[in-house]
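Q: coords please:
(chains A, B, C and D)
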Number of protein chains: 2
Amino acid sequence: MFERVLIAEDHENTSLSVKRALIDLGVEDPKYVAYCDQALSWIRKGLNIAQPYDLFITDLSFVEDHTIQEITDGAALIKAVKEIQPELKILVFSAEGRPEVISSLIRDLGIDAYVRKARHDVQELRSAIESIAKGKTYFPIQIRQTTRENNSFAFTPYDTTIIRLLAQGAKQKEIPQYLKEHKIIPTGLSSLEKRLNLIRDVLGFSTNEQLIAYCKDFKII
Amino acid sequence: MFERVLIAEDHENTSLSVKRALIDLGVEDPKYVAYCDQALSWIRKGLNIAQPYDLFITDLSFVEDHTIQEITDGAALIKAVKEIQPELKILVFSAEGRPEVISSLIRDLGIDAYVRKARHDVQELRSAIESIAKGKTYFPIQIRQTTRENNSFAFTPYDTTIIRLLAQGAKQKEIPQYLKEHKIIPTGLSSLEKRLNLIRDVLGFSTNEQLIAYCKDFKII
DNA sequence: TTTTGCTTTACGGTTTCCCGTAAGGAAAGT
DNA sequence: ACTTTCCTTACGGGAAACCGTAAAGCAAAA
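A: Sure thing, here's the model as predicted:
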């Protein structure tokens, strides 16, 4: 079983349950922090004093409060952690249920396990921790299947720029002006229209409203 | 202190922490359910056998799973509970942070306490329970002050319906047809245009795209 | 240089949306 | 019965978006 475990979780009640589950599994003294920055700094400290953590359990969403943080969400935290201690095992424990989001954590950040906060999450948590301890991964069943059937569109930086502008209330005919000022090509209104048309077409959408909703759902903007 | 307490919470880990907090406060044997329908039926049963609950702690959001439920969210559950046992003390324990939502629970449903899942939620939970036991209410400070400075718009069911339709790709001129079929009034295209115009105006938006982005951000749809 | 192929832009017709005005229609008060 | 008020709907002009086509630009190959 793991020697040194760190929990990053902003809901105190959840952190207590996670801690208890770890103790039940034989983990000596699981540590707990409520802020992303603190998590990163503790992991760094663990490396410095040659007592690195061997398991990191983190939430995805952290509510902001009065203390200003560099890192404000779990995904960014994981990325930062991976940079200073790439081999550290990471388990994400979150209420997030969208397959795309979870898949992206697995694909892009290389997490080792995902447990969704749900009706039997404590049980799942134990299974996941035991899996990681054996060198395996642990993911929800739906995810293990559907990492491939990715009907999503490959948004270019150009795409996300114009979509973000629309979401901020810009009118299409105002956007070429912005593109010129920021030296983003193509700048023409026609190109922009054509591009939006293509995106909508590929994704099977009929309106810009629908596209914005989609991008918000999948955190593309 | 309370004699009979029921917890409705779909995250097992949270339910365990709440249960523990109650036991620490001297509650004999707090009961726990993970589904809304089950909560309602247990409360009904308590009344039938002349052992009514005297405190009900509930979450707001319940993730749907395979078991089909009549009631699918905490607000509806509270409403149903109030109908069969109006004097039952109700504490809402949720991650929801939007003041409008919390205010509406207090104003429209008459809840007795609200504790947000956060960095010191267990501590807060204890305080809230003790407050209710003394016949007082317990609400976050910002709520007690700012039921006024509400820069957000009060979306009606009508509003969310048409916005949801837009987000699903419906064209405005198609929506009146839908409204007629579903007997939602007003059905006219003009009313719809006027309403959207008002919403955008109040929120300071210039396009529908911006409105959709806002509604997604604040989980209005 | 010219040709070829691709991307970007310009332009016009059509549709949709926007928004003001005015006409209906129901409920409540006089 | 007659206003008054509020809400809903109808209509029309103008703006914006949509979409096809054609022209212009531009880079690599001939």
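
Q: report pLDDT for the residue lying farthest from the centre of chain A.
A: Outermost residue of chain A with respect to the C-alpha centroid, by CA atoms, centre = their mean, is residue A:190; its distance is 35.1 Å. pLDDT, residue A:190: 90.

Q: which of the helices or strands spans it?
A: Per DSSP states H and E, residue A:190 falls inside helix A:189-203.

Q: and the contacts of that helix?
A: A:153, A:155, A:158-159, A:162, A:172-173, A:175-176, A:179, A:186, A:205-208, A:210-211, A:214 (CB atoms under 8 Å, 6 or more residues apart in numbering or on different chains). Every residue, glycine included, has its C-beta placed from N, CA and C.

Q: intersect those residues with the contacts of DNA strand D.
A: A:172, A:173, A:207, A:208 (CB under 7 Å from any atom of the strand).

Q: contacts only, for the third one.
A: What that stands for is residue A:207. A:200, B:166, B:169, B:170, B:171.

Q: surely residue A:35 and residue A:62 touch.
A: Yes: in this structure residue A:35 lies within contact range of residue A:62 using CB atoms under 8 Å: 7.1 Å.

Q: look at the two and report which has more neighbours.
A: residue A:62 (24 against 20; other CB atoms under 10 Å in any protein chain shown).

Q: so that one sits against residue A:37, correct?
A: No: counting by CB under 8 Å, residue A:62 does not reach residue A:37; the two are 10.0 Å apart.

Q: joint contacts of those two?
A: Joint contacts of residue A:62 and residue A:37 (CB under 8 Å, 6+ apart) are residue A:69.

Q: pull the helix or strand with minimum mean pLDDT from chain A.
A: None of the helices or strands of chain A scores lower by mean pLDDT, DSSP states H and E than helix A:141-145, at a mean of 69.

Q: same question for the helix or strand following that one, mean pLDDT?
A: Using DSSP H and E, the helix or strand that follows helix A:141-145 in sequence is helix A:157-167. For helix A:157-167, mean pLDDT rounds to 90.

Q: quick one: list the elements packing against helix A:157-167.
A: helix A:175-181, helix A:189-203, helix A:208-217, helix B:208-217 (3 or more CB pairs under 8 Å, 6 or more residues apart in numbering or on different chains; DSSP states H and E).

Q: how does chain A divide into domains?
A: A:5-145, A:157-217 (automatic domain parsing).

Q: and the closest residue to residue A:105 other than its chain neighbours, how many neighbours?
A: Leaving aside its sequence neighbours, residue A:105 sits nearest to residue A:111 (CB to CB, 6 or more residues apart in numbering or on different chains; 5.0 Å). Residues near residue A:111, counting by other CB under 10 Å, number 23.

Q: local confidence estimate at residue A:111?
A: Residue A:111 is given a pLDDT of 95.

Q: same question for the one 4 residues further on.
A: The per-residue pLDDT reported for residue A:115 equals 96.

Q: and stretch A:182-200, how far out from the chain middle?
A: 29 Å (CA atoms, centre = their mean, to the nearest Å).

Q: find the centremost residue of chain A, please.
A: residue A:75 (3.6 Å).

Q: OK, contacts around that residue?
A: Applying CB under 8 Å, 6+ apart to residue A:75 gives the contacts A:60, A:105, A:109.

Q: just for chain A, where's the confidence low?
A: The model of chain A has pLDDT under 70 over residues A:144-152.

Q: ok, longest strand in it?
A: strand A:89-94 (DSSP state E).

Q: what packs against it?
A: By 3+ CB pairs under 8 Å, 6+ apart, strand A:89-94 packs against strand A:55-58, helix A:74-84, strand A:113-116, helix A:121-133.

Q: pick the most deeply packed of those.
A: strand A:55-58 (a mean of 26; mean count of other CB atoms under 10 Å in any protein chain shown).

Q: around DNA strand C, pick out the residues from chain A.
A: So chain A meets DNA strand C at A:185, A:186, A:187, A:188, A:189, A:190, A:191, A:194, A:207 (CB under 7 Å from any atom of the strand).

Q: restricted to buried residues, select those residues in ChimeraX.
A: Buried residues among these (16 or more other CB atoms under 10 Å in any protein chain shown), as a ChimeraX selection:
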select /A:187,207
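
Q: between the residues of chain A next to DNA strand C, which is closest to residue A:122?
A: Closest to residue A:122 out of those is residue A:207 (43.4 Å), distances taken as CB to CB.

Q: of the ones next to DNA strand D among the contacts of helix A:189-203, which pair is most distant in space?
A: Between all members of these, the farthest pair (by CB to CB) comes out as A:173 and A:207, at 17.2 Å.

Q: just give me the neighbour total for residue A:214.
A: 22.

Q: one step back: just the domains of chain A: most buried one?
A: Comparing the domains of chain A by mean neighbour count (mean count of other CB under 10 Å), domain A:5-145 comes out on top with a mean of 18.

Q: contacts only, for residue A:69.
A: Residue A:69 neighbours (CB under 8 Å, 6+ apart): A:35, A:36, A:37, A:62.

Q: what's the closest non-adjacent residue to the last one?
A: Read it as residue A:62. residue A:10 is the one closest to residue A:62 (CB to CB, 6+ apart), at 4.7 Å.

Q: if I look at the one you found, how far off is residue A:33?
A: 9 Å (CB to CB, to the nearest Å).

Q: over to residue A:120?
A: Residue A:120 is 26 Å from residue A:33, by CB to CB.

Q: do residue A:90 as well
A: Distance from residue A:90 to residue A:33, by CB to CB: 15 Å.

Q: ramachandran angles for residue A:7?
A: Dihedral pair for residue A:7: phi -110, psi 130, per degrees, to the nearest 10.
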